[in-house]
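Participant: no sequence on this one, just coordinates:
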């Protein structure tokens, strides 16, 4: 029985635990039991680093399934995931992570551009820290949601 649990396991440690699970399953007498369908779900733990999460999903997909993942919207939840899945014999392997929607990424890129333009105008006007109140209010209003409206 595999019971040890850890929050900081290396890829080799994870593989060793999976081998242990496989060995344990191999020891079960299948007489009188139903056929198994096994699913392995893999999620990266790179909280807050979307690019690293996507690279991890793609690396797993390429190594295990031979192809990278792709982004898609989950219609039931309205969220986006970058995922890859496929079968390795009777085992389904799925790797996934939540990502921003293309609209959110575009809005955030536009926001960066708008803030850079605002900084450029501030520098060129020589206003420095004494920027007019209207411009400060405009900057405060620059959010990803306001850019997409």
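Facilitator: Yep, that arrived. What you are looking at is a predicted structure, and each value in this text was computed from that prediction instead of being measured. Residues are numbered from 1 along each chain as shown.

Participant: and the spatially most central residue of the chain, what helix or strand is that in?
Facilitator: Residue closest to the mean C-alpha point of the chain, counted by Cα atoms, centre = their mean, is residue 97 at 3.2 Å. Using DSSP states H and E, residue 97 sits within strand 91-99.

Participant: centre of the chain to that strand, how far?
Facilitator: What separates the centre of strand 91-99 from the centre of its chain is 10 Å, taken as Cα atoms, centre = their mean, to the nearest Å.

Participant: what pLDDT, on average, does the helix or strand that it is followed by get?
Facilitator: Downstream of strand 91-99, the next assigned helix or strand under DSSP H and E is helix 102-125. For helix 102-125, mean pLDDT is 83.

Participant: next: stretch 48-67.
Facilitator: 94.

Participant: how near is the residue of the chain most remote from its centre to residue 120?
Facilitator: The C-alpha centroid of the chain is most remote from residue 126, which lies 41.9 Å away (Cα atoms, centre = their mean). According to Cβ to Cβ, to the nearest Å, residue 126 and residue 120 sit 12 Å apart. (C-beta placed from N, C-alpha, C; glycine too.)

Participant: could you look up the SS state of residue 24?
Facilitator: Per DSSP: H, G, I helix; E, B strand; the rest coil, the secondary structure class of residue 24 is helix.
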